[in-house]
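Enquirer: Fold the stuff below for me.
(chains A and B)
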Amino acid sequence: MTLKLCVLTPNRIIWDSEVTEIILSTNSGQIGVLPNHASIATAVDIGILRIRLNDQRVTMALMGGFARIGNNEITILVNDGERGSDIDPQEAQRTLEIAEANLSKAEGKRQVIEANLALRRARTRVEAVNAIS
Amino acid sequence: MSCANLTMWVSSSKPSLSDPNPLSSRSAITPFRLPSPPSSVPNRASPTQIQCGLRELRVRIDSVKNTQKITEAMKLVAAAKVRRAQEAVVNARPFSETLVEVLYNINEQLQTDDIDVPLTKVRPVKKVALVVVTGDRGLCGGFNNAILKKAESRIAELKQLGLEYTIISVGKKGNTYFLRRPYIPVDRFLEGGTLPTTKEAQAIADDVFSLFVSEEVDKVELLYTKFVSLVKSDPVIHTLLPLSPKGEVCDINGVCVDAAEDELFRLTTKEGKLTVERDTVRTPTPQFSAILQFEQDPVQILDALLPLYLNSQLLRALQESLASELAARMSAMSNATDNAMELKKNLSIAYNRQRQAKITGEILEIVAGAEALT
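Expert: Model (predicted):
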């Protein structure tokens, strides 16, 4: 019994195949999805998506979006996403440091909102790289 | 033309070289300069006479030839890029289709609820942000001018209404334009990039989002060039925020939507000429499981969906703008090539005529000289 997973970004399809299990970061915490899950719709937070395909594990950084689960089909719509294996660890780490520095410098409501978003994105990417091991 | 005085020099120096019979040589060379009957005979429609010496003409012909090669190459490059732009639209389709489907379903379920999402909040408008999408490069006819003119007229309108405004400029051409006009308040300069991706759309969306959520502005308008066909593109104004959760998707009454009609343009060749086919694909909105549960509050889900929608709209605008730019460049360059060809033709006619005149003059001189000797 498998699930059909489809991860879509405005640019391209980043995942479209069968999987056995996924763990998804939603706005209200992580949920694990196994076959025959009840049909739900949920908002996806900026966070990592763990995919299990038999014994293989893949991690993906998702930049916020929406997921629909039903009939053993999962459709995830996200702004942007990257596979952990495609991310350059050093580059991700640098981006994280820059984002942290920007947040400490941010003034005013607006800059704080922006800096926080950037920081969360950067942190997710670093997590996605590190989660592989 | 600018080399008219050079001609004077060339033709006046000529007689001094061959002084035996100045009268004949002068009469042979001058027809191109004096408005005497033979010079007005050429049946060229161009009002400006080509008045250059032989050497200058040769140089000009060469330079026009080079220009023609460049413009022709640019035209072909633009045509190839239109194809790429079209592929980008195709790649974005699965996403936008699913998004519309989901929005439709959720909207249907939320119709009765009173929802309050920050991105849809309609406030009394005091300040408006204008996102102006221009190209990165020139040489594309009136493309950049048209959109900037639209922006200027919108600014004037807002001023008249006594509203404040700020600009978010996307694309190098717009950036230089607004940099040269410091009296126009610009919030941020962004660059478009060669092929719009989510990164660019995200950068704009972040900016717009924070401006709107922090209540610095109460309305965001997007000014971009809508791609109609290869020869026609319209600068349009599109209200980006506040998003209307009811208007953007088909509601129960079947009132329409902009997102569900996914327009796709396709570059094809018809009888050897490039044409554009636009087909409108109406996304079917199938009923998916009616017993769908919401993991979070519907409000939260809409909150997650609307930024996605915002992004995909921005991306679409960027893609349309790029396609229009390329199409504009294509037609501008094709015109330039045609003009260069015509100019080249005229120049070579003038060149040949002048060369013939010179040869005739020389023969006359020799004959006259020989005659004088006998």
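
Enquirer: from here on, contacts and neighbour counts on C-alpha atoms
Expert: OK.

Enquirer: helices or strands next to the helix or strand containing B:Leu364 in the packing?
Expert: For B:Leu364, the enclosing helix or strand under DSSP states H and E is helix B:298-373. Applying 3 or more C-alpha pairs under 8 Å, 6 or more residues apart in numbering or on different chains; DSSP states H and E, one finds that helix B:298-373 contacts strand A:40-53, strand A:56-70, helix B:22-29, helix B:54-110, helix B:143-160, helix B:198-213, strand B:219-227.

Enquirer: Give me the angle between the helix or strand just after the fourth one and helix B:143-160.
Expert: Per DSSP H and E, the first helix or strand lying C-terminal to helix B:54-110 is strand B:127-133. Regarding strand B:127-133 and helix B:143-160, their directions subtend 170 degrees when assessed with axes from the mean of the first three to the mean of the last three C-alpha atoms, to 10 degrees.

Enquirer: Can you list the strands that strand B:127-133 pairs with?
Expert: Strand B:127-133 has the following strand partners under DSSP bridges: strand B:164-170 (parallel), strand B:219-227 (parallel).

Enquirer: from the ones you listed, which stretch is densest packed?
Expert: Of these, the one with the most neighbours on average (mean count of other C-alpha atoms under 10 Å in any protein chain shown) is strand B:219-227, at a mean of 24.

Enquirer: Could you export the helices and strands packed on helix B:298-373 as CSV, including distance to A:Gly29?
Expert: Formatted as CSV, those follow (distance: least, C-alpha to C-alpha, whole Å):
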stretch, distance to A:Gly29
strand A:40-53, 9
strand A:56-70, 13
helix B:22-29, 91
helix B:54-110, 21
helix B:143-160, 44
helix B:198-213, 24
strand B:219-227, 32
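
Enquirer: Mean neighbour count, the ones you listed: which tops it?
Expert: Mean neighbour count (mean count of other C-alpha under 10 Å) peaks for strand B:219-227 among the helices and strands packed on helix B:298-373, with a mean of 24.

Enquirer: Alpha carbons of that one, as CSV, please.
Expert: C-alpha atoms of strand B:219-227 as CSV (Å, rounded to 0.1, in the frame of the first residue of the first chain):
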residue,chain,number,x,y,z
LYS,B,219,-3.8,48.9,-1.4
VAL,B,220,-1.3,47.3,-3.7
GLU,B,221,-1.6,47.7,-7.4
LEU,B,222,0.4,45.8,-10.0
LEU,B,223,1.3,47.5,-13.2
TYR,B,224,2.6,45.2,-15.9
THR,B,225,2.3,44.5,-19.6
LYS,B,226,-0.2,42.0,-20.6
PHE,B,227,0.8,39.8,-23.4
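
Enquirer: Averaged pLDDT, it. What do you get?
Expert: Average pLDDT, strand B:219-227: 87.

Enquirer: quick one: the residue lying closest to B:Gln293 once chain neighbours are set aside from B:Glu101, how far?
Expert: Nearest-residue entry for B:Gln293: A:Ile40, 4.5 Å, with adjacent residues in sequence omitted and distances by C-alpha to C-alpha, 6 or more residues apart in numbering or on different chains. Using C-alpha to C-alpha, to the nearest Å, A:Ile40 is found at 15 Å from B:Glu101.

Enquirer: Residue numbers of chain A in contact with chain B?
Expert: Within reach of chain B by C-alpha under 8 Å from any C-alpha of the partner chain, chain A has these residues: A:8-13, A:27-28, A:39-44, A:64-66, A:70, A:77-80, A:109-111, A:113-114.

Enquirer: what number of residues lie near B:Phe294?
Expert: Burial measure for B:Phe294: 16 neighbouring residues, criterion other C-alpha atoms under 10 Å in any protein chain shown.

Enquirer: OK, contacts around the nearest residue to it once chain neighbours are set aside?
Expert: In space, and not counting its chain neighbours, B:Phe294 is closest to A:Ala41: 5.0 Å by C-alpha to C-alpha, 6+ apart. Shown in contact with A:Ala41 (C-alpha atoms under 8 Å, 6 or more residues apart in numbering or on different chains): A:66-69, B:292-295, B:301.

Enquirer: And the helices and strands packed on helix B:298-373, which one averages the lowest pLDDT?
Expert: Lowest mean pLDDT within these: helix B:22-29, at a mean of 41.

Enquirer: Compare the helices and strands packed on helix B:298-373 and report which one is nearest to A:Ile87.
Expert: A:Ile87 lies closest, by C-alpha to C-alpha, to one member of the helices and strands packed on helix B:298-373: strand A:56-70, at 9.2 Å.

Enquirer: Run through the strands of chain A in chain order.
Expert: Ranges of strands within chain A are A:3-8, A:13-19, A:21-26, A:29-33, A:40-53, A:56-70, A:73-78, A:81-83, based on DSSP state E.

Enquirer: one step back: I'd like the strands paired with strand B:127-133 written out as CSV, with distance to B:Phe189 added.
Expert: Formatted as CSV, the strands paired with strand B:127-133 follow (distance: least, C-alpha to C-alpha, whole Å):
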stretch, distance to B:Phe189
strand B:164-170, 5
strand B:219-227, 15
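
Enquirer: No more questions from me, cheers.
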